[in-house]
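**Q** how would this look folded up:
(one chain, ligands or ions: 1)
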Amino acid sequence: MKQRVSGATVVGTPSATSDADWRELRAMAFAALDHAYAPYSRFRVGAAVRSGDGRIYAGCNVENASYPASMCAERVAVATAVADGARDFVALVIATDAAEPAPPCGVCRQVLGELGPRLEVVSCTSRGGESRWSVASLLPSPFTPHSLDRS
Ligand code: ZN
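**A** Residues are numbered from 1 along each chain as shown. Predicted coordinates:
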């Protein structure tokens with residue numbers, strides 16, 4: 001089976017995310033949460049993302065006294081993965097201590113949609129709450145590489 005993903009032709013069906021994979025993603029996201037640098041908001045976030053070839057990368061939020069310089073956990077995880085050559089993200093877990101599962105912010109939705117158009121996003125709380133979305137449902141009309149096309 002051939003499918004078109006982010007402009008590249010991929011041969012074969014990407015591996016599905018198993019229950020064991022989701023458990024590993026959750027564990028890594030919560031482990032990363034413990035490393036969050038969030039002295040300003042005190043809103044700690046961990047994330048773990050799985051690439052199409054099965055590799056998993058974690059990230060945490062990294063705030064800065066210059067607030068706009070802060071990085072979300074999701075984008076830290078994705079940037080770490082991209083730096084290692086991973087692409088085509090298929091699963092992401094976000095971990096927080098919030099009362100309700102936190103969805104990714106708008107900036108992260110844009111990044112996730114470009115690098116993982118098939119991405120499933122699960123947000124978990126330390127109290128056991130969980131929500132799940134497709135990235136397409138979170139960002140239904142994304143700005144894509146084709147949006148840069150000129151006539
Ligand atoms: Zn974000």
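**Q** How about residues contacting the longest helix seen in the chain?
**A** Secondary structure assigned by DSSP state H gives helix 19-33 as the longest helix of the chain. By Cβ atoms under 8 Å, 6 or more residues apart in numbering, the residues outside helix 19-33 that reach it are 17, 44-50, 54, 56, 58-60, 73, 77, 91-97, 122, 124, 126. C-beta here means a position set from N, CA and C on the backbone, and glycine is covered the same way.
**Q** What average pLDDT does that helix get?
**A** For helix 19-33, mean pLDDT rounds to 97.
**Q** go on, stretch 79-89?
**A** The average pLDDT within stretch 79-89 is 97.
**Q** distance between that stretch and the chain's centre?
**A** Averaging C-alpha positions (Cα atoms, centre = their mean, to the nearest Å) puts stretch 79-89 11 Å from its chain's average.
**Q** For this structure, just list every one of the helices.
**A** Here the chain has its helices, by DSSP H, at 19-33, 73-83, 106-115, 135-138.
**Q** Mind putting these into a markdown table with distance to residue 64?
**A** Below are the helices of the chain laid out as a markdown table (distance: least, Cβ to Cβ, whole Å):
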| stretch | distance to residue 64 |
| --- | --- |
| helix 19-33 | 18 |
| helix 73-83 | 13 |
| helix 106-115 | 15 |
| helix 135-138 | 25 |
